[in-house]
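Q: Pasting a predicted model and its sequence here:
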Amino acid sequence: MGILFKYKGRSFSSARSMMQVVQRDIADGIERNIRNAAISAGAKTKKTAQGLEISGSSTQLDRFRRRLEK
């Protein structure tokens, strides 16, 4: 008899596969928060091989930084 895990309506019999889904959801949530903070501050985001790149004026980047701190 195995153990079943449930996460967001999905059943998992393997902790490893559930861990991968949870990590992906957390990473997507963080990326969404960064993009939303940049958009509301007036800055632009670009996805690169190193991660997200935020560009804008110094005041826009200051507003972006303050929004992320909340």
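A: All right, it came through fine. Numbering: from 1, shown residues only.

Q: Poorly predicted segments of the protein, please.
A: Within the chain, the ranges that satisfy pLDDT under 70 run 1.

Q: So for it, which residue is the most central one in space?
A: residue 30 (2.1 Å; C-alpha atoms, centre = their mean).

Q: tell me which element it is part of?
A: Assigning secondary structure by DSSP states H and E places residue 30 in helix 15-41.

Q: Report the inter-axis angle for the following helix or strand past that helix versus helix 15-41.
A: For helix 15-41, the succeeding helix or strand toward the C-terminus, using DSSP H and E, is strand 44-48. Strand 44-48 and helix 15-41 meet at an angle of 150 degrees, taking axes from the mean of the first three to the mean of the last three C-alpha atoms, to 10 degrees as the criterion.

Q: what's in contact with the helix or strand following strand 44-48?
A: For strand 44-48, the succeeding helix or strand toward the C-terminus, using DSSP H and E, is strand 51-55. Applying C-beta atoms under 8 Å, 6 or more residues apart in numbering, the external contacts of strand 51-55 come out as 31, 34-35, 38, 43-47, 61, 64. Yep, even glycine has a C-beta here, placed from its N, CA and C like the rest.

Q: that older thread, who are the packing partners of the helix holding residue 30?
A: Helix 15-41 sits against strand 5-7, strand 10-12, strand 44-48, strand 51-55, helix 58-69, with contacts defined as 3 or more C-beta pairs under 8 Å, 6 or more residues apart in numbering; DSSP states H and E.

Q: Contacts made by the last one with the rest, please.
A: Same thing as helix 58-69. 33-34, 37-38, 40-43, 54, 56.
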